[in-house]
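**Q** Make a model of this:
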Amino acid sequence: MKIVVIGGTGLIGSKTVAILRRGGQQVVAASPKSGVNTVTGEGLKEAVAGAQVVIDLSNAPSFDPQVVSEFFETSGRNLVAAEVAAGVRHHVMLSIVGTDRVPGQDYFRAKLAQEKLIEASGIPYTIIRSTQFLEFLGGIADANTDGSIVRLPPGLLQPIAADDVAAFVAELAFINPRNGIVEIAGPEQAEFNEIVARYLKGVGDPRKVMKDPEARYFGGRLEEKSLVPWGEARLGRINLEEWLRRLQKAA
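**A** Okay, here's the model as predicted:
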């Protein structure tokens, strides 16, 4: 089976490609580095030709609201056109838990528009909504740092390891298209500030964490359960402590 992984050299993409290749699949790791650009269309038709499954793990090059919106709209339309022409039988898209419930979050709004584009494409699809990655906790802390204090909005977090995300993506690519949404999350749910505080302690970062009702999540206002699954979700196996142990071992 030929599988094309858009964003195949990124954090999740490289792990997904490795899993699929170990399973003996014919995998194209498509990215601008490999001459495939979903925004300009360069190399896209050739990469998708003969593919049964396309997995879209692409990411915008910037968090600027206009750049994000234009990236996902243009990339999505070009990808859909190439897939329709190639007769692709399953489109798998990685999205985010909470795309439809974080007002003021431009990245989430753009991902939701991307979801709607895929839903309307006529291509059989599976949308995988994932909670935040454990690998992003440091960036979240940095974005909310005020001096030596990390100010975080109230609410719950259920972060998932990139290894678990890739495993779910690879698995769902072989299941019949859901023509709907599958949510995935980490094995542990806790207060946002508690998770980040444990992460900082685990990596030896002296910053203190404070819950601040006025803090925003990259511009978005959070409710208690904005970033966690509301219903049934598939849970990963790697919790924060195990992930930190692996991180320290790798270092």
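**Q** longest helix in this structure, by residue count?
**A** helix 65-86 (DSSP state H).
**Q** Could you list every helix and strand in contact with that helix?
**A** On a contact count with 3 or more CB pairs under 8 Å, 6 or more residues apart in numbering; DSSP states H and E, helix 65-86 meets helix 44-48, strand 53-56, helix 106-119. (C-beta placed from N, C-alpha, C; glycine too.)
**Q** make it 7 Å
**A** helix 44-48, helix 106-119 (3 or more CB pairs under 7 Å, 6 or more residues apart in numbering; DSSP states H and E).
**Q** For the last one, output the C-alpha coordinates as CSV.
**A** Pointing back at helix 106-119 there. Presented in CSV, the C-alpha positions along helix 106-119 are these (Å, rounded to 0.1, in the frame of the first residue of the first chain):
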residue,chain,number,x,y,z
ASP,A,106,-6.5,31.9,15.8
TYR,A,107,-4.6,28.6,15.2
PHE,A,108,-7.5,26.6,16.5
ARG,A,109,-9.9,28.6,14.2
ALA,A,110,-7.7,27.8,11.2
LYS,A,111,-7.6,24.1,12.1
LEU,A,112,-11.3,24.0,12.4
ALA,A,113,-11.7,25.5,8.9
GLN,A,114,-9.3,22.8,7.7
GLU,A,115,-11.5,20.1,9.3
LYS,A,116,-14.6,21.6,7.5
LEU,A,117,-12.8,21.6,4.2
ILE,A,118,-11.9,17.9,4.5
GLU,A,119,-15.5,17.0,5.6
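**Q** Check the model's average confidence along it for me.
**A** Summarised as a single mean, pLDDT over helix 106-119 is 95.
**Q** Tell me how many other residues crowd the closest residue to Lys225 other than its chain neighbours.
**A** Excluding its sequence neighbours, the residue lying closest to Lys225 (CB to CB, 6 or more residues apart in numbering) is Leu156, at 5.9 Å. Using other CB atoms under 10 Å, the number of residues around Leu156 comes to 18.
**Q** give the contact list for Leu156.
**A** The contact partners of Leu156, by CB atoms under 7 Å, 6 or more residues apart in numbering, come to Gln189, Ala190, Glu191, Phe192, Glu224, Lys225, Leu227, Val228.
**Q** which residues does the nearest residue to the fourth one once chain neighbours are set aside bridge with?
**A** Using CB to CB, 6+ apart and skipping residues adjacent in sequence, the residue nearest Phe192 is Leu157, 4.6 Å away. Note on Leu157: beta-bridge partners by DSSP bridges are Ala190.
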